[in-house]
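Asker: please work out how this folds:
(chains A and B)
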Amino acid sequence: MTSAVQATSRRGFIKASALAAGGLMVTLYLDSPSAASAQGGTPPPAHIYPPDAFVRILPDGTIAITVNRLEVGQGMQTALPMILAEELDADWTHVVGQLAPAGDVYKDPVIGVQLIGGSCSILDSFQQYRELGARTRAMLIAAAADRWGVGADQCRADKSVVYGPGNRSARYAELAEGAARRPVPAVVQLKDPSQFRLIGTWVRRIDGRAKCDGSQQFGLDLNLPDMLTALLMRPPIFGARVRGFDDRNARNVAGVREIFEVPLVAGSAVAVVANGFWAAKQARDRLAVDWDVSGIEHPDSVQLFAMYKELAGTPGTVAVSVGDAQVIDRIPAPDRIHAEFEFQYLAHAPMEPLNITVRNDRDRAEAWVPSQIPGWEQTALAEVLGIKPEQVTYHVLFAGGSFGRRGTTDSHFVREAAAIAKRLPGRPIKLMYTREDDMTSGYYRPMFVHRVDVGIGPDGLPVVWKHMIVGQSFVLGTGVPQEAVLVKNGVDQLVIEGTADSPYATPNVHVSVHQPKVNVPTLSHRSVGYGHNSFVRETLIDELAMRAKTDPIAYRLNLLKPDAKKFRTSLTLLDQQSAWRHRLPADHASGIACSQYNGTCVACAVDVSIGNGRLRIHRATVAVDCGLAVNPLSIESQMHGGLIFGLTQVLARGAITLKDGRVEQRNFDGYTPPYIKDAPMTVDVHIVPSSDPPTGCGEPPVPVIAPAVANALSALTGKRYRTLPIATI
Amino acid sequence: MPRECGSRPAAHVLNARKAGFVETYQLTINGEKKQVTADPSTPLLWVLRDDLKMTGTKYGCGVAACGACTVHVAGVATRSCVLPIALLGDRPVLTIESMSSDPIGRVVQNAWVSEDVVQCGYCQSGQIMTAVALLKTTRTPTDTNIEESMGGNLCRCGTYVRIREAIKVASRQLAGGGR
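Answerer: The predicted structure follows:
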């Protein structure tokens, strides 16, 4: 179905202008819909946006498409240009993707914040990038029609060329200047999906080659003239302050420039600034800091679990109440499951540790950052430097992973770098985190305790589900802008997601929470609440299926709510594609799990055995329903990677623990994510054919692997696994 | 772990831990002669990245636990984050920047691109350097060979499934004489 799009319907308009070099630039002027709706239909105040915001057609035929999202490996630097290029009928071999700097025009058109997070990029920018492509194409065709004196309807475009009657043709690069002088059409026709030539095909990443020959520059690779490197000696306990320090030995290190105290979001640190990393590190190793830890809570994982379990036995804040949970008391004991689950803190540990480079020019500043939320960070930087956000040029550089770690709401690493740059104006300062800094500086996936009572009916299906969740909220009481959206009746929805929105029909459901304050900074971690909630749900459902002596996929399909459409499609496809489950060797077992995230559903089956007490995953089969598959190759990548990322919390060393206030793991020898031997030998990915609007794939696969593996292990050992990581099988 | 060899003993490095000491080193990086002046304890990684501005080799852990910094030292896959420059001696170093002109490196890079291995890409210089070292000694690696050789290279994006495939693709091309 072809859809007409009227620009003004979105309270925006687009404008084109001629490039000095003779190219076309198309700018979408789009105000935040949330701001607009908040004003009850009054048009929001006009903003001035950069003129070359999204598309540039260069004289050599290159089509440079600006990507309003950080590239962290999820493939947006390929997918968004694909979408625009599709409607533009661009020659894909000449398309390049550029990461946008901080700018209002690059805000997520739905959320109103420039960010990556919540697997929202494709979901929220699919339509935006299609429209941008369609408008640009219409202008190029109009320019060609003008030149030839024919009607636009007599022209067509293909691979960056406009064709007209009588064998006429003109390249986009030749037409760009004329096109830029034309008015931007208010209404454009978008393609019927049956006409797609790029969307839906297997397209390799644009950045594939550069990431194989060492030429791709990440944040940490930035080299600027006169640049200095800074490291921070951080407090041993979150929030501790520097009482004093002895830097005599540190100052003897060749290449050391400055050593001084800087404030942190909580507590303070000592900054060591040097010519390069090794000098800074040598000097930091020689610092003696006297820390003031008085009055500071010393969190301890063992004590926290004890406290959480005690809390779990007391009434909490009610999140969901459907039917009558007291029904549980009337269920005979043999038909009840009482289960308690433990989840540890988890570090994101992206391969590239946090970093940011800032040059403070007093009345201006410039920053180069692998940045998940550039606009907020730009504001934070300006605040520390005492200038206005518009006086800060904020470049977004490629990130060596993030998994949520760079998406802080307090922009703490930006404030740290700004505090250093404030003392040292005029020279670029690169603040680096060592791996130890990255691993011990907090912002973890919170610890959780779940306590669940399930009552089973005579048909083997659950009749009552009573669920208590205890763990920190990183939203509640913080005053961050998302708080109004994410906290409902005192409950952070990120704590309960996966349980509150369970796809399974149960007549009586009661979900409540305790959200204690703990002196450990926590943060979104790829798949957020689903990482623990889906584990609880899917392992319990497996237990119910086993008790009912029903195939775990059949049991789930039978229990799904009528509106759980994508669960149904993905589980059905999984069933078709995992026939291997029924002919496994005797010492193997399969496990099933499924989970959802922001509109995408993933179902997974694993083939597992135990050798020498060690888990071996021979195979994983994945079925995913993410609506229209924009780039199946990239979706497959995300499924592979999401499973392996989600495996971390299962492995013996997949936990961050604290003892007497101190983080016990400092590097990958202590906190050990999956290596190649831990990964499934093969992963086959199957995508549900769909014409629904496309949804994201970064987070959805993460939660399925842990419960699928735990369920398979249960089938092998007869034990139930409710404490992660699984220390002993 | 790198062997100790060359003209400078480990004791020299330890003595140099009195701060402020620097020395000049002659290096052979990707076939080119380079001269750097550095603290003898400086790991090769930081000589490459900070002194020579060759940033293709990555910092991931600093303790030889992740493999992101892997280079070839005299043909051996080596964690450059724990090799003090004073211990390098006259051994030649190859980094990811030279792999496009290395006969096996080129095949491995092409396999990585055709299999669309990379995601964030940060660990992939080290993955490719390790894979090239494997294929230089073992032209047709088994799954076990691959797991053993690649076993210390961490990828948080979880590209292992395609890394396995890409090594097999490269191996087949090398076996077919496609050099």
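Asker: please make it C-alpha for all contacts and neighbour counts, starting now.
Answerer: Noted.
Asker: and the gap between residue A:420 and residue A:220?
Answerer: 17 Å (C-alpha to C-alpha, to the nearest Å).
Asker: what kind of secondary structure is the closest residue to chain A within chain B in?
Answerer: With C-alpha to the nearest C-alpha as the measure, residue B:120 is the residue of chain B nearest to chain A, at 3.4 Å. When classified by DSSP: H, G, I helix; E, B strand; the rest coil, residue B:120 comes out as coil.
Asker: break chain B into its domains for me.
Answerer: Domain segmentation of chain B under automatic domain parsing yields B:21-96, B:102-175.
Asker: check whether the longest helix along chain B comes near chain A.
Answerer: Taking DSSP state H as the criterion, chain B has its longest helix at helix B:160-175. Yes - applying C-alpha under 8 Å from any C-alpha of the partner chain, one finds that helix B:160-175 is in contact with chain A at B:160-161.
Asker: ok, the nearest residue to residue A:218 once chain neighbours are set aside - contacts?
Answerer: Spatially, and ignoring its direct neighbours in sequence, residue A:218 is nearest to residue A:398 (4.8 Å; C-alpha to C-alpha, 6 or more residues apart in numbering or on different chains). With contact set as C-alpha atoms under 8 Å, 6 or more residues apart in numbering or on different chains, residue A:398 has these partners: A:70-72, A:99, A:217-219, A:370.
Asker: the longest helix of chain B: how far from the chain's middle?
Answerer: On the basis of C-alpha atoms, centre = their mean, to the nearest Å, helix B:160-175 sits 19 Å off its chain's mean C-alpha point.
Asker: from the contact counts, what lies against that helix?
Answerer: helix B:103-114 (3 or more C-alpha pairs under 8 Å, 6 or more residues apart in numbering or on different chains; DSSP states H and E).
Asker: next, the angle from the helix it packs on to helix B:160-175.
Answerer: Here helix B:103-114 runs at an angle of 140 degrees relative to helix B:160-175 (axes from the mean of the first three to the mean of the last three C-alpha atoms, to 10 degrees).
Asker: which residues touch helix B:103-114?
Answerer: Helix B:103-114 is contacted from outside by A:204, A:208-209, A:212-213, B:99-100, B:118, B:128-129, B:131-132, B:135-136, B:163, B:166-167, B:169-170, B:173-174, B:179, using C-alpha under 8 Å, 6+ apart.
Asker: before we move on, back to that, quick check: the residue of chain B closest to chain A touching residue A:70?
Answerer: No - if you go by C-alpha atoms under 8 Å, residue B:120 and residue A:70 don't touch, sitting 10.7 Å apart.
Asker: who touches both of those two?
Answerer: residue A:399.
Asker: which residues of the stretch 251-400 of chain A lie near chain B?
Answerer: Near chain B, when you scan the stretch 251-400 of chain A using C-alpha under 8 Å from any C-alpha, you find A:252-255, A:276-278, A:349-353, A:399-400.
Asker: nearest to residue A:65 among those residues?
Answerer: Using C-alpha to C-alpha, residue A:399 is the member of these that lies nearest residue A:65, at 18.7 Å.
Asker: so that closest one sits against residue A:219, correct?
Answerer: Yes - between residue A:399 and residue A:219 there is a contact at 6.3 Å, judged by C-alpha under 8 Å.
Asker: joint contacts of these two?
Answerer: Counting by C-alpha under 8 Å, 6+ apart, the contacts common to residue A:399 and residue A:219 are residue A:370.
Asker: so for these two, which sits in the more crowded spot?
Answerer: Set residue A:399 next to residue A:219 and count neighbours by other C-alpha atoms under 10 Å in any protein chain shown: residue A:399 wins out with 28 against 24.
Asker: ok, which stretches of chain B are helices?
Answerer: Ranges of helices in chain B, per DSSP H, are B:10-15, B:44-46, B:103-114, B:124-137, B:143-150, B:160-175.
Asker: looking at those helices, which is nearest to residue A:728?
Answerer: Closest approach to residue A:728 among those (C-alpha to C-alpha): helix B:143-150, 22.8 Å.
Asker: does chain A have contacts with that closest one?
Answerer: Yes - residues of helix B:143-150 contacting chain A under C-alpha under 8 Å from any C-alpha: B:147, B:150.
Asker: now the helices for the stretch 551-700 of chain A?
Answerer: Under the criterion DSSP state H, counting those that start in this stretch, helices of the stretch 551-700 of chain A are mapped to A:552-559, A:565-577, A:632-647.
Asker: low pLDDT regions in chain A?
Answerer: Applying pLDDT under 70 to chain A flags the ranges A:1-52.
Asker: so what does residue 120 have for phi and psi?
Answerer: In the absence of a named chain, this looks at chain A. With angles defined as degrees, to the nearest 10, residue A:120 sits at phi -100, psi -10.
Asker: if you could check chain B rather than the one you did, that'd help
Answerer: For residue B:120, the backbone dihedrals are phi -70, psi -30 (criterion: degrees, to the nearest 10).
Asker: neighbours around it, how many?
Answerer: By other C-alpha under 10 Å, neighbour count at residue B:120 equals 29.
Asker: got the contact list for it?
Answerer: A:71-74, A:399-401, B:157.
Asker: same thing but at 7 Å, please
Answerer: If you count contacts by C-alpha atoms under 7 Å, 6 or more residues apart in numbering or on different chains, residue B:120 has them with A:72-73, A:399-401, B:157.
Asker: so residue A:600 touches residue A:628, yeah?
Answerer: No - under the criterion of C-alpha atoms under 7 Å, residue A:600 is not in contact with residue A:628, lying 10.6 Å apart.
Asker: more crowded one of these two?
Answerer: Higher neighbour count among residue A:600 and residue A:628: residue A:600, with 24 against 19, using other C-alpha under 10 Å.
Asker: out of everything not next to it in sequence, what's closest to that one?
Answerer: Nearest non-adjacent residue to residue A:600, counting by C-alpha to C-alpha, 6+ apart: residue A:626, 4.6 Å away.
Asker: ok, residue 171 - contacts?
Answerer: You didn't say which chain, so I picked chain A. Here residue A:171 is in contact with A:160-162 (C-alpha under 7 Å, 6+ apart).
Asker: I was thinking of chain B, sorry if that wasn't clear
Answerer: Residue B:171 touches B:139-140, counting by C-alpha under 7 Å, 6+ apart.
Asker: how does it look with 8 Å?
Answerer: B:135, B:139-141.
Asker: same check, this time on residue A:293
Answerer: By C-alpha under 8 Å, 6+ apart, the contact list for residue A:293 reads A:237, A:239-241.
Asker: so how many other residues sit close to residue 143?
Answerer: Here I'm looking at chain A. Residue A:143 has 25 neighbouring residues, counting by other C-alpha under 10 Å.
Asker: wait, chain B
Answerer: Applying other C-alpha under 10 Å, we find 14 residues neighbouring residue B:143.
Asker: now do residue B:64
Answerer: Neighbour number of residue B:64 under other C-alpha under 10 Å is 22.
Asker: was I right to think it contacts residue B:82?
Answerer: Yes - between residue B:64 and residue B:82 there is a contact under C-alpha under 8 Å: 6.4 Å.
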